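Asks: coords please:
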Amino acid sequence: MLPLSILFSCAEDKAKPADLIAGEKMANILVDIHLQEAVIGRTIHHYDTSRAAYKQAHKQILKRHAISDSAFKHSYDYYLAHPDQMDKIYEVVLDSLSLREAKLTSQGSKGARTLTVDTAAVE
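Replies: Model (predicted):
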């Protein structure tokens, strides 16, 4: 049998925090966070430096979205406790990141075609 304190803590976890970030806004914040993580991961290879850079970037992202660190933490914890809602948020995140990747890929391939055409014209 579970102690009463565990039962009450589980009930508290499921309550919406007063400062809950709406799902769409949370998705936008997570897109920015994942993009920044990728940049830091590709450019900074020393663990301590990358960790410090990530903390600074995280603060800037929350500031840009006008969200407090505590609101983000409360919301993230809430969505983690509600996987169905977190799945919906991450569907939006993945779609957004995929669209950005497709755009960059098509821009890169257009640039490569232009370069090929220009090179052929010179020869």
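
Asks: show me where pLDDT drops low in the chain?
Replies: 1-14, 109-123 (pLDDT under 70).

Asks: Can you tell me how far the residue most central in space within it is from Tyr79?
Replies: When CA atoms, centre = their mean is applied to the chain, the residue found nearest the centroid is Leu30 (2.3 Å). The gap separating Leu30 from Tyr79 is 10 Å, by CB to CB, to the nearest Å. C-beta here means a position set from N, CA and C on the backbone, and glycine is covered the same way.

Asks: Overlap in contacts, these two.
Replies: Ile89 (CB atoms under 8 Å, 6 or more residues apart in numbering).

Asks: Quick check: the residue nearest to the centre of the chain touching Val93?
Replies: Yes. Using CB atoms under 8 Å, Leu30 is in contact with Val93, at 4.9 Å.

Asks: show me where this protein has helices.
Replies: Applying DSSP state H to the chain gives helices spanning 4-14, 23-43, 47-64, 69-81, 83-122.

Asks: so what's the residue nearest to the centre of the chain up against?
Replies: Going by CB under 8 Å, 6+ apart, Leu30 touches Ile89, Tyr90, Val93.

Asks: quick one: Val56 and Leu104, what's the gap?
Replies: Careful, residue 56 is Gln; it's not Val. To Leu104, Gln56 is 25 Å away according to CB to CB.

Asks: Hmm, I typed the wrong one, I wanted Ile44.
Replies: Distance of Ile44 to Leu104, computed by CB to CB: 21 Å.

Asks: more neighbours, these two?
Replies: A side-by-side neighbour count of Ile44 and Leu104, using other CB atoms under 10 Å, places Ile44 first with 15 against 10.

Asks: backbone phi and psi for the more buried one, please?
Replies: phi -120, psi 120 (degrees, to the nearest 10).

Asks: Next: Asp19.
Replies: Torsion angles, degrees, to the nearest 10, at Asp19: phi -100, psi 30.

Asks: Could you do His65 as well?
Replies: Torsion angles at His65 (phi, psi; degrees, to the nearest 10) stand at phi -90, psi 0.

Asks: who's in contact with it?
Replies: His65 neighbours (CB under 8 Å, 6+ apart): Lys25, Asn28, Ile29, Asp32.
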